[in-house]
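J.: 3D, please:
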Amino acid sequence: MRRYFVLFALLLSCSTFRRSEKINIVIPEESFKAGIELFERGKYNEAIKKFKEVLYVTGYGDLANKSQYYLSLSYFKLKDYDQAILEFRTLLENYTGLGDTLKASALLYLARAYNEKYKNLYLDISEIDMGLYYAQRLKGMGIFSDSADKVISEILYKKATKLLLEADVYMKLKVDRSWTLYLEEFLRLYPNDPRVDSVKALLNSQ
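T.: Below is the predicted model:
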């Protein structure tokens, strides 16, 4: 008799648990639609949760590709460039069947993320070259070429400015040979920079 009582108690507890426990059933298409609506309203953190729901359920496929793209773009909109870079690279390197437009857009935002990440030119900006790499890949696709050129131009300007800042440090320290070397390197690497004439004039004045 005691065994029947224990079994009854177990069944009762299970049924009680099921009634009180809220079961969240994810329908990928609905989660994606909700994510897009939140994204368009600028609620990027909430949108990220919805896109992740899709990825947890579907794994791979067209809907997963789009969810991963918008997940990445949401981080970009939040200016979380490190996470955006990670997510866009995940999309490009691990997801298959990407359409050309989606792939091109991901490359563009990857290049932009590297560009936006490095704004303080007094710090190490060596990784900004990855922005050039992805922008060049984009140009190779022949899609969004004007946007790729814009990113390339901005990155090259930053790299050129970095050299001028380094030259300025040695100039203030009065280490003449060092700052002239930096300016000469600037002229060699960035002959089309709008500051070339000023740099030449400065070197000729020595």
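J.: So which bits of stretch 160-173 are buried?
T.: Across stretch 160-173, burial judged by 16 or more other C-beta atoms under 10 Å covers Ala160, Thr161, Lys162, Leu163, Leu164, Glu166, Ala167, Tyr170, Met171. Just so you know, the C-beta spots here come from the backbone N, C-alpha and C atoms, and that holds for glycine as well.
J.: ranges for the helices of the protein?
T.: Taking DSSP state H as the test, the helices found in the chain are 2-20, 28-40, 44-58, 62-77, 81-94, 100-117, 129-141, 145-172, 176-189, 196-204.
J.: In CSV, list those helices along with mean pLDDT.
T.: Below are the helices of the chain laid out as CSV (pLDDT from 0 to 100):
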stretch, mean pLDDT
helix 2-20, 41
helix 28-40, 96
helix 44-58, 94
helix 62-77, 97
helix 81-94, 97
helix 100-117, 97
helix 129-141, 97
helix 145-172, 96
helix 176-189, 93
helix 196-204, 93
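J.: out of those helices, nearest to Leu123?
T.: helix 145-172 (9.7 Å; C-beta to C-beta).
J.: Next, the angle helix 129-141 makes with that closest one.
T.: 150 degrees (axes from the mean of the first three to the mean of the last three C-alpha atoms, to 10 degrees).
J.: Could you list every helix and strand in contact with helix 145-172?
T.: Of the remaining helices and strands, those touching helix 145-172 by 3 or more C-beta pairs under 8 Å, 6 or more residues apart in numbering; DSSP states H and E are helix 100-117, helix 129-141, helix 176-189.
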